[in-house]
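S.K.: I'll drop the sequence and a predicted model, then ask my questions.
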Amino acid sequence: MATPPAPAPLARTVRGTGPGLLLAHGAGGSVHDNWGPLLDDLAAHRTVVAPDYPGSGDSPDEPGAQHSLDELADRLVAAADAAGLADFDLAGYSLGAAVAVRIATRHPGRVRSLLLLAGLAGGSQRFRLLADQAVALTAHPALWADHSVATVFGRSWVDALPAARFAELRAGLAAEPVPAGFRWQFELAARTDVRAELDRVDVPTLVVSTTEDDLVPPEQHRALALGIPGARLTELTSGHLPMVERLPELRDLLVGFLTDTAARSAAAGS
């Protein structure tokens with residue numbers, strides 16, 4: 001029986017110099033959508049490697065492919081390999097947090113530290129329902145836009161928007177094209193569950209919980225923090241998109257964690 005060909009390398013953004021930092025984005029997003037506002041600041045401290053999943057950003061869709069969490073984990077590590085990273089800090093957002101956990105347990109020794117932002121742990125029937133709704137509603141752009149405003153953005157942030165900006169947000173979301181990989185990424189997110197492997201994560205970990213998150217709620221973030229030995233939990237008053245709602249505070253959390261972890265590692269090695 002012939003061995004199936006290896007999947008094509010994922011498109012990746014590489015910036016900066018110094019120790020490696022691998023980024024995993026969320027379902028329906030891309031490097032630009034989820035990490036774009038932070039790339040310059042992160043690249044000032046690290047060699048940032050940020051791959052796009054198939055059907056997102058600059059990675060072409062792969063019709064008929066049966067994607068899995070293991071596959072995404074391996075392909076992100078392959079992107080780190082291609083950029084010359086022997087080991088790396090690892091940050092995952094939303095579904096990308098589950099991908100990051102799988103990398104840490106599937107490729108032990110490669111990950112120096114873990115940062116999980118608005119992360120998905122799994123096991124939530126409510127989230128599976130929301131993921132199914134998201135897939136169905138993409139066929140109806142106006143309904144999809146309103147669903148996104150109601151579940152993805154934080155209540156405080158949305159209610160504080162001026163009426164004109166609120167209308168502009170709804171119209172902009174309705175006009176935005178849906179990524180080719182949206183369906184399979186949300187379907188994968190709906191069946192993802194990494195809770196049973198959390199106790200095998202053995203690196204310094206920061207879990208950032210977005211407290212007004214109605215898509216991947218704080219209970220999911222706390223499950224990550226409680227399951228990972230020694231993990232630290234910090235809260236950010238935001239919906240599921242803190243890079244939109246709370247960018248300065250998020251930047252400080254990420255850069256501070258990376259700097260602190262590097263200092264602790266250097267002190268332990270001296």
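M.R.: Okay, I see it.

S.K.: which stretches of the protein aren't confidently modelled?
M.R.: Low-confidence segments of the chain (pLDDT under 70): 1-5, 269-270.

S.K.: hey, where'd the helices end up in it?
M.R.: 39-43, 69-82, 95-106, 125-137, 141-151, 155-159, 163-175, 182-191, 218-227, 242-245, 247-269 (DSSP state H).

S.K.: which of those sits closest to G26?
M.R.: Taking C-beta to C-beta, helix 95-106 is the member of these nearest to G26, at 5.1 Å. For every residue, glycine as well, the C-beta is placed using N, CA and C.

S.K.: can you tell me which helices and strands that closest one packs against?
M.R.: Applying 3 or more C-beta pairs under 8 Å, 6 or more residues apart in numbering; DSSP states H and E, one finds that helix 95-106 makes contact with strand 20-24, helix 69-82, strand 88-93, strand 111-117, helix 182-191.

S.K.: most tightly packed of the ones you listed?
M.R.: Ranked by mean neighbour count, the helices and strands packed on helix 95-106 are led by strand 88-93 with a mean of 28 (mean count of other C-beta atoms under 10 Å).

S.K.: what's it packed up against?
M.R.: Judged by 3+ C-beta pairs under 8 Å, 6+ apart, strand 88-93 is in contact with strand 20-24, helix 95-106, strand 111-117, helix 247-269.

S.K.: can you say which of those is nearest to R200?
M.R.: That would be helix 95-106 among the helices and strands packed on strand 88-93, by C-beta to C-beta, at 4.8 Å.

S.K.: report the angle between the axes of the closest one and helix 125-137?
M.R.: 120 degrees (axes from the mean of the first three to the mean of the last three C-alpha atoms, to 10 degrees).

S.K.: what's helix 95-106 in contact with?
M.R.: Applying C-beta atoms under 8 Å, 6 or more residues apart in numbering, the contact partners of helix 95-106 are 22-27, 34, 69-70, 72-74, 76-77, 90-92, 110-111, 114, 116-122, 185, 188-189, 192, 194, 197-198, 200-203, 224, 228.

S.K.: check contacts around the one residue sitting closest to the centre of the chain.
M.R.: When C-alpha atoms, centre = their mean is applied to the chain, the residue found nearest the centroid is Y93 (2.0 Å). If you count contacts by C-beta under 8 Å, 6+ apart, Y93 has them with 23-26, 29, 34-35, 117-119.
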